[in-house]
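1. What follows is a predicted structure for the sequence shown.
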Amino acid sequence: MPDRPGSKEACVEPTRFRREVAGWLAANLTGEFARLRGLGGPGREHEEFELRLAWERHLAAAGWTCVGWPVEHGGRGLSLAEQVAFHEEYAASGAPARVNHIGEQLLGPTLIAFGTPEQQARFLPKIAAVEELWCQGYSEPGAGSDLAAVSTSAVLRAGEWIVNGQKIWTSLAHVADWCFVVARTEPGSRRHHGLSYLLVPLRQDGVTIRPIQQLTGTSEFNEVFFDDARTPAGHVVGEPGDGWKIAMATLGFERGVSTLGQQIGFRRELDDITAEAQRLGTYDDPLLRADLTRARLGLRVLRAHALRTLGQAAGPEVAVGA
């Protein structure tokens, strides 16, 4: 099956493979895992976290994590069409939100593209086996989403990077083992220059993590403080100063095939809202029906755009779906 990025052939639905995925999920979302259906996701990451972690390791043992990674890096080497099928069938089954998304979908592909053989050997197997969880150290209080304005610094001293600064809105940092951190490693540099992409262990004295309570009462976001935190010199991805390029590549991977599964979840939520409106007798309200129709059309456009931009590098077109 052709899998050239962006081609129409890459979006052909592999029916046989879909049946395989759906069958495995139906056979395994049973017993204690059955109660995980529909759990997790934004605002609900606290739901049955330990059991969801056990489920994810069950997926790993059966070879259902990192399905798009090359075989030599512990993946299945699936085509884009097969990856789409997997993520959509996973979502359609009601299987729980993944706890290893950041490591598997963001850092893993980044290390495959830019990491050294030593970094790949050290980190990729533990991501694939769900033995180490990751978070993303990008946003800062004084920079927000302006990644080029980060002020967290790192200096190389005696074979280690010494990291100081603060990150904010760091998803799942409170359960993560590691963080990939964009830090300024050239004193006096500005904007996109002088940044480096560092792999920093969180379970050390130099790191403090403070959960941020949301309006939902949950705390999946965190503040992360680095106070002379340390990581080995070899834990910089790419060359020092390549941080902007590497960080942009990670964002491109973030908007990959797994987003198609997320869209299935959005559609299920919309179906639930529609059903509730019908139950309450408000579905015939023309304004409500217009809103629901607009949302359903939006989901179709979102899916079409995601399929059209699969495999493309980060850029304005890809960022539209963020």
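-> Nice, thanks for sending it over.
2. next helix or strand past the longest strand anywhere in the chain?
-> Assignment by DSSP state E gives strand 221-232 as the longest strand of the chain. Downstream of strand 221-232, the next assigned helix or strand under DSSP states H and E is strand 236-237.
3. what packs against that following strand?
-> helix 108-114, strand 195-201 (3 or more CB pairs under 8 Å, 6 or more residues apart in numbering; DSSP states H and E). Just so you know, the C-beta spots here come from the backbone N, C-alpha and C atoms, and that holds for glycine as well.
4. who's in contact with that strand?
-> Contacts to strand 236-237, defined as CB atoms under 8 Å, 6 or more residues apart in numbering, come from residues 110-111, 114-115, 119, 161, 180, 185, 196-199, 246.
5. what's the offset of that strand from the middle of its chain?
-> 19 Å (CA atoms, centre = their mean, to the nearest Å).
6. what is the mean pLDDT for that strand?
-> Average pLDDT, strand 236-237: 98.
7. partners of that strand, with directions?
-> Its sheet considered, strand 236-237 pairs with strand 195-201 (antiparallel) by DSSP bridges.
8. Could you figure out how far the partner strand is turned away from strand 221-232?
-> Counting by axes from the mean of the first three to the mean of the last three CA atoms, to 10 degrees, strand 195-201 lies at 90 degrees to strand 221-232.
9. helix or strand right after strand 195-201?
-> strand 207-212.
10. Kindly export that following strand (C-alpha atoms) in CSV.
-> C-alpha atoms of strand 207-212 as CSV (Å, rounded to 0.1, in the frame of the first residue of the first chain):
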residue,chain,number,x,y,z
VAL,A,207,13.2,20.5,40.2
THR,A,208,10.0,21.6,42.0
ILE,A,209,6.6,20.9,40.5
ARG,A,210,3.5,22.7,41.6
PRO,A,211,0.1,21.7,40.2
ILE,A,212,-2.2,24.4,38.9
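11. Can you list the strands that that strand pairs with?
-> strand 221-232 (antiparallel).
12. Which positions in the longest strand of the chain come out as buried?
-> Across strand 221-232, burial judged by 16 or more other CB atoms under 10 Å covers 221-226, 229-231.
13. again, but for stretch 243-256
-> 243-244, 246-247, 249-256.
14. go on, stretch 273-285?
-> 274, 277.
15. which residues are contacting it?
-> By CB under 8 Å, 6+ apart, stretch 273-285 touches 288-289, 292.
16. quick revisit: by neighbour count, which of the contacts of strand 236-237 wins?
-> Highest neighbour count within the contacts of strand 236-237, by other CB atoms under 10 Å: residue 197, with 28 neighbours.
17. Any figure for the gap between it and residue 72?
-> Distance, residue 197 to residue 72, using CB to CB, to the nearest Å: 23 Å.
18. now swap in residue 34 and tell me
-> Note on residue 34: its distance to residue 72, by CB to CB, is 35 Å.
19. For residue 75, give me the pLDDT.
-> Residue-level confidence at residue 75 comes out at 94, pLDDT.
20. quick one: what helix or strand has it in it?
-> Applying DSSP H and E, one finds residue 75 in no helix or strand.
21. Now do the contacts for it.
-> 66-69, 128.
22. at 7 Å instead, please
-> Residues counted as contacts of residue 75 (CB atoms under 7 Å, 6 or more residues apart in numbering) are 66-69.
23. Please flag which of the residues you listed sit within helices.
-> Among these, DSSP state H puts none in helices.
24. ranges for the strands of the stretch 1-150 of the chain?
-> 134-137 (DSSP state E, counting those that start in this stretch).
25. which intervals of it have sub-threshold pLDDT?
-> 1-14 (pLDDT under 70).
26. The stretch 201-322 of the chain now?
-> 255-264, 306, 308-322.
27. again, 50 this time
-> For the stretch 201-322 of the chain, the stretches with pLDDT under 50 are 318, 321-322.
28. can you give me the helices for it?
-> 243-254, 258-280, 286-308, 316-319 (DSSP state H, counting those that start in this stretch).
29. mind giving me JSON lines with those and columns for distance to residue 78?
-> Shown next, in JSON lines, are the helices of the stretch 201-322 of the chain (distance: least, CB to CB, whole Å):
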{"stretch": "helix 243-254", "distance to residue 78": "15"}
{"stretch": "helix 258-280", "distance to residue 78": "12"}
{"stretch": "helix 286-308", "distance to residue 78": "16"}
{"stretch": "helix 316-319", "distance to residue 78": "20"}
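30. For residue 61, find the nearest of these.
-> Closest to residue 61 of the helices of the stretch 201-322 of the chain is helix 258-280 (CB to CB; 20.2 Å).
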